[in-house]
Each structure stands twice: as structure tokens, then as C-alpha cells.
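Participant: Prediction below, plus the sequence it came from.
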Amino acid sequence: MSENGSAPGGLALVEALVNTRGLESGKDTLNSAEGRAAFGIEEITERELAAVKELRESLRAVCLAHAGHPPHDVVTPLGRLLSRAPLLVTVDERDGSAGLAAAEEGPLLSRVAAAVAQALTDGTWLRLKACELPECHWAYYDRSPAGRRRWCSMSVCGARAKMRRYRAK
């Protein structure tokens, strides 16, 4: 629903993962093989799927925190989940720059951890937020100059919130 396109770099993966569950509709695209295919996890066990959903909700809670909102649910702290991710330090031979990458191709947890690490390094992590509307909480990347955007979409969620506030008066 975001008005400005997806998040930059690896944060697009994080944003897409959070947005696999629509709180208002109740639809969860991770429940289908097609939905999981976008993350390279088509064939996973129920236990692995539960772990991916746990990661998603922990990411959503952090996105809510970035926007100054309390989590919508009790979740496992994201740091605890990401501490299990095998990562490698990579060094670019051309310019000597270093970064983190997933230790193996494929594990979603490692790809998310590497994306978070890169976003921390380049200063974009705190701009990945979740919409303040309780029935939405859709992840979006805040491209506003001041970094104070509140809704995933001004034309939908922002309008709903403003209309509710107006009616309450």
C-alpha cells in the first residue's frame, strides 16, 4: 500500500516479509506455496513456517517502534531471533569495503539479518516503519524529509485516521 515504492536495498525484503499478513483482511500469503516462493521458502515444514511468521511479527513490532507505536502483540525480541542467523563478513576486493552477508544462500533468517545489518550501516534502518492505524500496521519506508510519516498511505490510512479524528470532535 506504500505510496513511495518499496524500501531501498535489502530492506525491501524485510518490508515485503512484514507485509505478507494483512491485519484488516486476515490474509496471510505465507500460507500458500506461491506466497512463500517470493522468499525462496516454498517447501518448509510447519515448524519452519511458524518460525518465519514469528520473525515477521518481531520485524513488525520493530517497525512499529520506529514509528513510535507500541507493538500490537507480544513477540519474541528481534535481537534474539537475529542472533541465531549465520552471517559472514565480506570484503570487496576493489575498494576494501566490508559488509555482512548470509552465510549460506537461502536461509531467510540470515538474509533478513544481513539486510538489517546493512540498513544499520547505511542509516536506513530507522526509516522502515509500520502504519499507525491499528487495523493496518503495514510496513513502509519513510522517505519524508523529516522522517515523521505516520501512515503507509496518506490517501487511505491517513484519510481514515483524519476522518475518525474529525468525527470524534
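Facilitator: Arrived safely.
Participant: Could you pull out the buried residues of stretch 58-73?
Facilitator: Applying a neighbour-count criterion of 16 or more other Cβ atoms under 10 Å, one finds 58-64, 66-67, 69, 71 buried in stretch 58-73. C-beta here means a position set from N, CA and C on the backbone, and glycine is covered the same way.
Participant: do the same with stretch 76-96
Facilitator: Result for stretch 76-96 [16+ other Cβ under 10 Å]: buried residues 78, 81-82, 85, 87.
Participant: which ones are touching the nearest residue to P71 once chain neighbours are set aside?
Facilitator: Spatial nearest neighbour of P71, excluding adjacent residues (Cβ to Cβ, 6 or more residues apart in numbering): A61 at 3.8 Å. Counting by Cβ atoms under 8 Å, 6 or more residues apart in numbering, A61 touches 71-73, 75, 78.
Participant: and the strand or helix carrying A61, what's its mean pLDDT?
Facilitator: Following DSSP states H and E, one finds A61 within helix 46-66. Averaged across helix 46-66, pLDDT comes to 96.
Participant: need the next SSE after that helix, C-terminal direction.
Facilitator: Downstream of helix 46-66, the first helix or strand assigned by DSSP H and E is helix 78-82.
Participant: could you dump that following helix to PDB, C-alpha only?
Facilitator: The C-alpha trace of helix 78-82 is given here as PDB (Å, rounded to 0.1, in the frame of the first residue of the first chain):
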ATOM      1  CA  LEU A  78      14.000  -9.400  17.200                       C
ATOM      2  CA  GLY A  79      17.600  -9.300  18.500                       C
ATOM      3  CA  ARG A  80      17.100 -12.800  20.000                       C
ATOM      4  CA  LEU A  81      15.900 -14.200  16.600                       C
ATOM      5  CA  LEU A  82      18.600 -12.500  14.600                       C
END
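Participant: still on that earlier bit, flag the least confident of the contacts of A61.
Facilitator: Across the contacts of A61, the bottom pLDDT score, 75, is held by H72.
Participant: So it sits against C63, correct?
Facilitator: No - if you go by Cβ atoms under 8 Å, H72 and C63 don't touch, sitting 10.6 Å apart.
Participant: intersection of neighbour lists for these two?
Facilitator: Residues touching both H72 and C63 by Cβ under 8 Å, 6+ apart: H137.
Participant: returning to that earlier point: what would the buried residues of stretch 76-96 look like in TSV with distance to R143?
Facilitator: Formatted as TSV, these follow (distance: Cβ to Cβ, whole Å):
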residue	distance to R143
L78	23
L81	27
L82	25
A85	27
L87	28
